[in-house]
Each structure stands twice: as structure tokens, then as C-alpha cells.
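J.: Output the structure for:
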Amino acid sequence: MAALARAEAAPSSAQVFAYITDSLDRTVSVIDTTTDTVVATLDVGLPYPVGVTCHPDGGTFYVRLGILSVAAPPDGAVSVVDIATRSQTQVITGFWLPNGVAVHEDGDRLYVVESENDAVAIVDTSTNTIVDSVPVGYCPQAFGNFLAKSLIFADGFESGDTSKWSACVS
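T.: Purely as a prediction, here's the structure:
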């Protein structure tokens with residue numbers, strides 16, 4: 001499974017990068033969209049990076065990581081990646097099988113779908129800590145474009161293999 005997020009390099013720059021996850025390789029590829037070439041590959045070090053979303057300030061992106069162990073939940077995490085240095089700065093743990101991530105358009109909150117908890121966890125992006133959880137019903141899976149006008153979410157139906165990839169563009 002993979003996911004894609006897009007962010008501009010700087011507000012005055014015409015350069016745009018796409019961030020694409022590869023769950024089998026545990027990596028995020030950085031693609032320069034002006035040349036359609038991979039300019040970097042980041043190893044997030046933990047299994048199943050799938051959901052990805054960019055912070056509206058263009059400085060950070062978040063990658064949903066899957067199951068960390070076969071032990072009882074919470075068993076998932078979210079990687080925090082600095083866009084400028086292309087390095088993982090933190091791993092937020094404590095999610096119950098996360099399946100989707102989205103940043104609110106004001107940038108203050110990160111929402112993480114928790115399938116095993118039937119809820120959405122709310123993360124304060126200034127501290128990268130879980131501050132609340134909202135019950136939403138049985139086995140939620142992903143986010144749509146209701147959080148921000150610029151956020152688009154699509155699943156990988158084009159490939160015919162929905163276990164292979166999904167995409168998020170902002």
C-alpha cells in the first residue's frame with residue numbers, strides 16, 4: 001500500500017514535491033514534480049507506512065504507520081517528518097490500528113482514524129500528543145476532503161489492487 005501527499009518547497013517557489021509511501025519497503029519517496037524524478041527516499045523504519053498528509057505550513061508531513069507488534073493494541077503510530085531536512089523527527093505512538101491521517105486546515109490538529117478503536121484520535125500538532133478521541137462508529141477506514149478544501153483523498157482502484165496504494169494530495 002502506498003500514499004501520496006504534495007507540498008510546495010516554499011511559498012514563492014514553483015517547485016512542488018510529492019511524497020509517496022511504499023508499505024513493503026517501509027519508505028517514503030520524494031518526487032520532484034517539475035521533473036517527475038525521485039530526489040530522495042526516506043526510511044521511516046517502521047512497518048506499513050500508508051496514509052500521508054502535509055501540514056498546511058509546508059514544514060511537516062505525517063505518515064501513518066501500521067501494526068508495530070502483534071501484542072494487544074494500541075499498536076500503531078504516526079511518523080512526523082521534517083520536509084526541509086527530509087528526516088523523521090518523531091514517532092507518535094498509542095493508536096489502535098491507524099488507517100488514515102489528515103491535518104485540519106488551521107494546522108492545529110492532526111486527525112488519525114483508529115479502526116480497532118472505532119474512533120478518530122485528535123493530536124495537538126504543537127506537542128504531537130494525543131489529546132482526545134472521538135467515537136465514530138464501527139471500523140472507520142480513511143478521511144475524505146471534508147477537513148480542508150485543498151485536501152483530496154483517493155484510493156488505488158485504478159491499479160485494481162487496493163492493498164497496494166492510496167493517495168492524498170494537498
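J.: Got the phi and psi for Trp96?
T.: Trp96 has phi and psi values of phi -100, psi 90 when expressed as degrees, to the nearest 10.
J.: any idea how far it is from Gln141?
T.: Trp96 is 13 Å from Gln141, where distance means C-beta to C-beta, to the nearest Å. Where you see a C-beta, it was placed from the backbone N, CA and C, and this is true even at glycine.
J.: So which of those two has more stuff around it?
T.: Taking other C-beta atoms under 10 Å, Trp96 and Gln141 do not tie; Trp96 has more neighbours (20 against 10).
J.: The more buried one touches Val112, doesn't it?
T.: No. With contact defined as C-beta atoms under 8 Å, Trp96 and Val112 do not form a contacting pair (9.5 Å).
J.: Now do the shared contacts for Trp96 and Gln141.
T.: With contacts taken as C-beta atoms under 8 Å, 6 or more residues apart in numbering, Trp96 and Gln141 have Ser115 as neighbours in common.
J.: Gln141: what's its closest spatial neighbour, skipping adjacent residues?
T.: Leaving aside its sequence neighbours, Gln141 sits nearest to Asn99 (C-beta to C-beta, 6 or more residues apart in numbering; 5.1 Å).
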